[in-house]
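>>> could you look at this predicted model? Sequence included:
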Amino acid sequence: MRNRMLEIRNLETGYGKKQVLFGLSLEVGTGEIVALIGPNGAGKSTVLKAVCGLIPAWNGEIRFGHDVTNGNTPAQNVARGITFAPQGSRVFDDLTVMENLEIGGFQLPNRELKIRIEQMFQMFPVLKEREREDAGNLSGGEQQMLALARALVPKPKLLMLDEPSLGLSPNLITIVFRKISEISTETGVSILIVEQKVREVLDICDRVYSLKLGRVAFDGRPGELSGDTETLRNLFL
C-alpha cells in the first residue's frame with residue numbers, strides 16, 4: 001500500500017447552490033504524480049480549490065496528514081505544505097521575477113527565503129538571467145516556469161497544478177511537462193495535476209483519475225489509457 005500524502009473521501013462541494021462534486025474520493029501517494037483528466041465542467045479544478053482551502057467542503061473529508069477539510073485558509077495550507085499554481089493568470093505582471101518568487105515564500109524567514117530562491121534559480125536558470133525584469137515581459141513558457149518556481153519556494157510536500165499547458169505552444173508544452181517530471185524526480189514532491197493535454201500528461205504521471213459530472217469515472221495507471229482510444233473517447237463524451 002502506498003504512503004498516502006493526500007486522501008479525499010466522499011467529497012461534496014460546489015459554488016453557491018450549484019453542486020459540482022458528488023461523493024468524490026481520490027488519493028495521492030508520497031512522491032507520485034497524479035493526473036486529473038476529464039471534460040470541461042467535470043469538477044477537476046474544484047478538487048484543487050477545495051484542497052487548498054479556496055472553497056469549503058460541504059460533506060466528506062480531506063486529509064493531509066490530518067483532517068484539513070474545513071477551517072484552514074490557503075495561507076495556513078501553504079504553511080502545512082500544500083501549494084497551488086492556478087490556471088490562467090500565472091504571474092504578477094508588474095512585479096519582477098524576484099518579487100514574484102519572494103511572494104511565493106512570504107511565510108519564510110529571510111535567510112531561508114534567500115536560500116530557496118537561489119535553489120529555484122539553479123532549477124530554472126532562465127529565471128536567474130531575468131530576475132530583475134518584470135514578469136509580464138517573460139514569454140508564456142518562462143511565465144509558467146516562474147509560476148512553478150514560485151509554488152516551489154515554500155518547499156511544499158504537495159504541489160497542485162491547474163492546466164500548466166494552457167495557452168502554450170506545442171514546443172513549450174513539451175518543455176513544461178519535462179520540467180514537471182524533473183521536479184518530481186529531483187525534489188520528491190507529490191504532484192496533483194489537472195490537465196487537458198491528455199496524452200502529454202499520461203506520459204509523465206504515475207496514476208490517473210478521470211472525472212465525469214463530478215464523480216470518478218476512471219482510476220488506474222496511465223498505461224491503461226494510453227493505447228485505448230475508445231475508452232478515452234468515452235471518458236470525454
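On my side now, so go ahead. Numbers count the residues shown, from 1 in each chain.
>>> so which elements touch the helix or strand of the chain with the lowest mean pLDDT?
Lowest on mean pLDDT, DSSP states H and E among the helices and strands of the chain sits helix 229-236, with a mean of 85. On a contact count with 3 or more Cβ pairs under 8 Å, 6 or more residues apart in numbering; DSSP states H and E, helix 229-236 meets strand 215-220, helix 223-226. Backbone N, C-alpha and C define where each C-beta goes, glycine included.
>>> between the ones you listed, which gets the lowest average pLDDT?
Taking each of the helices and strands packed on helix 229-236 in turn, the lowest mean pLDDT turns up on helix 223-226, with a mean of 89.
>>> give me the next element, helix or strand, following the lengthiest helix in the chain.
Ordering each helix of the chain by length in residues (DSSP state H) puts helix 170-187 first. Proceeding C-terminally, helix 170-187 gives way to strand 190-194 as the next helix or strand, assigned by DSSP states H and E.
>>> buried ones in the next helix or strand after that next one?
Helices and strands here follow DSSP H and E; after strand 190-194, the next one along the chain is helix 198-204. Within helix 198-204, the residues that qualify as buried by neighbour count (16 or more other Cβ atoms under 10 Å) are V198, E200, V201, L202, I204.
>>> closest one to M5 out of those, please.
Taking Cβ to Cβ as the measure, I204 is the one of these closest to M5, at 17.5 Å.
>>> which ones are touching that closest one?
For I204, the contacting residues are I33, F177, I180, S181, S184, by Cβ atoms under 8 Å, 6 or more residues apart in numbering.
>>> what's the closest non-adjacent residue to it?
Here the nearest residue to I204 in space, its sequence neighbours aside, is S181; by Cβ to Cβ, 6 or more residues apart in numbering that works out to 4.5 Å.
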